[in-house]
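> This is the structure alone, sequence omitted:
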């Protein structure tokens, strides 16, 4: 099986078994060298060497250190340095600051660097980038700088960039590449290869060829491997895949990413409202989106907003304090419930000692369920079709969890305080964890039905429910079962 | 720019402007049809139609409903149905249950389905799959079933699967495909094309050709687009990229995924300890890993384990109750601090009313910072090189947050209770949020230095710190500043 694509099977069989490792093709080529650690991160020693050379103002040394790095590693290096040092480094290695480096930079870091440069310089960089990267570079700038840079661009690039900027952010229209290969239906494999040899442009990789009709609508897609494994005289229409996934220009990037994932796409045609082929998206751009979109839920759920460590402090503060204030509101609400039971607490201070336990565990149980529900929604696994089943599933998990915790804390409290106290806290715990399980599914589901991102605000509401219910169930039961009176 | 790859520019210019949309190439080809909603999820109406047909035992109707679906959609449909109905559906559409459908299934759902089938049937399915998918299918089975299925496999497949199973789970060796094209250095573009036309196997797409030396070490990679845009007489060694990213068989899938992302790879050569080419990984497999790895942190941070909604209830219970019990421990610890201040609370019940606010906000602030730190580590943005800077950054954000919340709650408490109470809670809030900011970075950082996944256990410790500190700072200050005595 492993061999069936090998030109010369002997090759594979020849001198098998371990042997001396050839330096230039070491398996850990990019890993674990003097610059990278075993997880392919730049070694602190290397980063501080660059830092020291910068402080010493020794541009030559800086250049020699950075020169061997891959563009993506140069981008990482810039991000790892303190904001103050980044422009310095960029200046010291100006001819290494290729479009690839810029494209790999974190948005905030890129923005900083660009704002330090004159429009002419930014335009020169944008010029070398693919349209989608150039757009990313320019869309970050404020209106004034944007106009200045646009003015400096070559007409062709300017046209492409402005047409991209015409589409809303985070849509296929913004992200698509305008480099693609589209050919008419009548071509044969041979015609295609001849054309590509003449006009082909090595500067842009492509993985599929789009076959279009006279109205410029895509009618099929040919993977290059099919083209290469098919005789010259075969017509493209006989090798192409007719069943294709077309991305509308207006589609949100998250949806496009899910399409790529679901249908294991390498590239896809982007079409305008009238179904005409206007661009393509390739998986290497999508990969970033997938990891962003999948990773952001952890941050949103925690109320940390974008949670990018390169985000300016004021923005991070603004994003987070909103949720802390919202949480302050829910906490105050919960404490009014406590206040209502003030008399009971005065009679039996043990209630004050134990009540946070009920609220805290309930909060955690709710967070667990909520994280599961939000993730399931993000991956389209939890839809209207199975909401009821999942709600029932989570409720049963909650009862198991609640039962377990109730027994543990019930026995402890019954032993340390009084049997009745054990009963009260055990019951309160079961109630609160059960409620948490339901709220953990229902709150995000409701937000989604209201077309809100369930990851954004669910936490506040789930916490509000579990805190209030925790205090109310525990103190209420204590009074109801005669441990204390109001 | 958009045109520079077009065979015939007239095509693009021809009849531009909107026009009637051609049904078969509608932009929303897969989206928003009678089966899919606007987000490309199967419509509840469609799912329940299948459900009803299954209940009615009308296999024909079921088949007609499912037949038009893409393999990935059939997989989604199976997952959306209740566990009981899944085997029924599979039986009703047996010839539609292709390897692609099986490969797209959620691990738990696949396991269930497979366990219902005889070894022979599972083997037949495994036979049609790529090695990596076959491995995935078989590794889930328990030892006995595994052996039974292996016995039924064709020798070639068995060999490939068992060699994959020899590598630890979640390593490149397990996930790599054994289908790849490797050719010797002396070939020209023409030789390659001729070879592919003869021996090429259309059943497996490939995107790059690996060039190997006589010891079977990869020396370079050719993107197919370069091959197609280069004259026949050019030697591959003149078009190939020599600087390549090689994945060691033993590399963890998460690291491999980061490599693909960092270096924007479409496929990469997998090499054994001696540097010999043994397989390849392609981005379409990586995409699933990236979204899994990026998405799992939200679940791990919440203490929900894998958090897969298809996970059997007992497993979900086992995964979650562990963390609830751990949380019970930290909550009990916090309440011993409250108990220590019992006398003070008896004198001034307002303390019991307000103390949960301090703990709760601190917990949230800690969770925000922790989520940011964990995400930054997962994306290799937070390393030893910049830990100190990020710690200082988060501390400043915490002071801003703490100051804001302190003023709000301080004024409220000062007005509702007493000025001194306002001072006490304000100070306690600043202290707790500042501590939360530090703990939110330090706890995950410490776990990572101990080679533990920072996402797994950080929450428990951060909560422990913020709860205890919240109660201690607030009640301690209340006593210290004479609001109550011990």
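Received it, and whenever you're ready, just let me know what you need. Small disclaimer: the values here were computed from a predicted structure and weren't measured.
> Next up, the contacts around the residue most central in space within chain A.
Taking C-alpha atoms, centre = their mean, the centroid of chain A lies closest to residue A:292, which sits 1.3 Å from it. By C-beta atoms under 8 Å, 6 or more residues apart in numbering or on different chains, the residues touching residue A:292 are residue B:294. To be clear about C-beta, it is placed using only N, CA and C from the backbone, and glycine gets the same treatment.
> tilt between the one helix or strand it maps to and helix B:283-302?
Using DSSP states H and E, residue A:292 sits in helix A:283-302. Relative orientation of helix A:283-302 versus helix B:283-302 (axes from the mean of the first three to the mean of the last three C-alpha atoms, to 10 degrees): 10 degrees.
> Quick one: mean pLDDT for helix A:283-302?
In this model, helix A:283-302 has an average pLDDT of 86.
> where does whichever helix or strand comes after it sit relative to the chain's centre, distance-wise?
Secondary structure here is assigned by DSSP H and E; on that basis, the next helix or strand after helix A:283-302 toward the C-terminus is helix A:313-340. Between the mean C-alpha location of helix A:313-340 and the chain-wide mean there is a distance of 26 Å, by C-alpha atoms, centre = their mean, to the nearest Å.
> Check whether helix A:313-340 comes into contact with chain B.
Yes. Interface with chain B: helix A:313-340 contributes A:313, A:316-317, A:320-321, A:323-325, A:327-328, A:330-332, A:334-335, A:338-339 (C-beta under 8 Å from any C-beta of the partner chain).
> buried ones in that helix?
Within helix A:313-340, the residues that qualify as buried are A:316-317, A:319-321, A:323-328, A:330-332, A:334-335, A:337-339, counting by 16 or more other C-beta atoms under 10 Å in any protein chain shown.
> Please apply the same query to stretch A:399-419.
By neighbour count on 16+ other C-beta under 10 Å, the buried set for stretch A:399-419 is A:400-406, A:408-410, A:412-414, A:417.
> How many residues are close by the nearest residue to residue A:146 once chain neighbours are set aside?
With sequence-adjacent residues excluded and distances taken as C-beta to C-beta, 6 or more residues apart in numbering or on different chains, residue A:146 is closest to residue A:138, at 5.8 Å. Using other C-beta atoms under 10 Å in any protein chain shown, residue A:138 is surrounded by 23 other residues.
> hang on, residue A:138 in a helix?
Yes. Secondary structure of residue A:138, determined by DSSP: H, G, I helix; E, B strand; the rest coil: located in a helix.
> does it really touch residue A:151, like I thought?
No. Contact between residue A:138 and residue A:151 fails when scored by C-beta atoms under 8 Å: they sit 11.6 Å apart.
> if I look at residue A:111, how far off is residue A:167?
Distance, residue A:111 to residue A:167, using C-beta to C-beta, to the nearest Å: 20 Å.
> show me the contacts for the residue nearest to residue A:146.
Contact criterion C-beta under 8 Å, 6+ apart gives A:122, A:126, A:146, A:149-150, A:161, A:165 as the residues in contact with residue A:138.
> Residue A:452 now?
For residue A:452, the contact set (C-beta under 8 Å, 6+ apart) is empty.
> pLDDT value on it, please?
At residue A:452 the predicted local confidence, pLDDT, stands at 91.
> partner residues bridging the residue lying closest to residue A:250 once chain neighbours are set aside?
What sits nearest to residue A:250 in space, not counting adjacent residues and going by C-beta to C-beta, 6+ apart, is residue A:171, at 5.5 Å. Listed by DSSP bridges, the beta-bridge partners for residue A:171 are residue A:252.
> pretty sure residue A:171 is touching residue A:247, no?
No. Using C-beta under 8 Å, residue A:171 and residue A:247 do not qualify as a contacting pair, with a distance of 9.7 Å.
> Which one of those two is surrounded by more residues?
More neighbours sit around residue A:247 than around the other of residue A:171 and residue A:247, counting by other C-beta under 10 Å; the figures are 30 against 20.
> Which pLDDT value goes with that one?
In the predicted model, residue A:247 carries a pLDDT score of 94.
> give the contact list for it.
Going by C-beta under 8 Å, 6+ apart, residue A:247 touches A:172, A:176, A:256, A:259, A:268-271, A:281, B:27.
> For it, give me phi and psi.
In terms of degrees, to the nearest 10, the main-chain angles of residue A:247 are phi -100, psi 120.
> check contacts around residue A:299.
With contacts defined as C-beta under 8 Å, 6+ apart, residue A:299 is in contact with A:305-307, B:371-372, B:375.
> on that earlier part again, look up how far residue B:190 lies from the residue nearest to the centre of chain A.
43 Å.
> how does chain A divide into domains?
Chain A breaks down into these domains under automatic domain parsing: A:13-17+A:176-298, A:27-163, A:313-480.
> can you tell me which of these comes nearest to residue B:444?
With C-beta to C-beta, the closest approach to residue B:444 among the domains of chain A belongs to domain A:13-17+A:176-298: 12.0 Å.
> Run the chain-centre distance for that closest one.
On C-alpha atoms, centre = their mean, the centre of domain A:13-17+A:176-298 falls 23 Å from the chain's centre.
> now the strands for the stretch 101-250 of chain A?
A:182-184, A:208-212, A:218-223, A:247-248 (DSSP state E, counting those that start in this stretch).
> how about the ones you listed in TSV, adding distance to residue B:107?
Converted to TSV, the strands of the stretch 101-250 of chain A look like this (distance: least, C-beta to C-beta, whole Å):
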stretch	distance to residue B:107
strand A:182-184	39
strand A:208-212	30
strand A:218-223	28
strand A:247-248	28
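> Could you work out which of these reaches nearest to residue B:357?
Between residue B:357 and those, the tightest spacing by C-beta to C-beta is seen for strand A:247-248, at 48.2 Å.
> what pairs with the closest one, and is each one parallel or antiparallel?
Strand A:247-248 has the following strand partners under DSSP bridges: strand A:267-271 (parallel).
> what comes into contact with the partner strand?
Under C-beta under 8 Å, 6+ apart, the answer for strand A:267-271 is A:172-173, A:176, A:180, A:206-208, A:210, A:217-218, A:221, A:244-249, A:256, A:259-260, A:277-283, B:25, B:27.
> if we go to 7 Å?
The set of residues external to strand A:267-271 that reach it, using C-beta atoms under 7 Å, 6 or more residues apart in numbering or on different chains, is A:172, A:176, A:207-208, A:210, A:218, A:244-249, A:260, A:277-283, B:27.
> so who does the closest residue to residue A:302 other than its chain neighbours touch?
Closest residue in space to residue A:302, ignoring its immediate chain neighbours: residue B:371 at 3.6 Å, by C-beta to C-beta, 6+ apart. With contacts defined as C-beta under 7 Å, 6+ apart, residue B:371 is in contact with A:298-299, A:302, A:304, A:307, B:301.
> Reformat these as JSON lines; add distance to residue A:55.
Written out in JSON lines, the entries for those read as follows (distance: C-beta to C-beta, whole Å):
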{"residue": "A:298", "distance to residue A:55": "36"}
{"residue": "A:299", "distance to residue A:55": "34"}
{"residue": "A:302", "distance to residue A:55": "36"}
{"residue": "A:304", "distance to residue A:55": "33"}
{"residue": "A:307", "distance to residue A:55": "31"}
{"residue": "B:301", "distance to residue A:55": "38"}
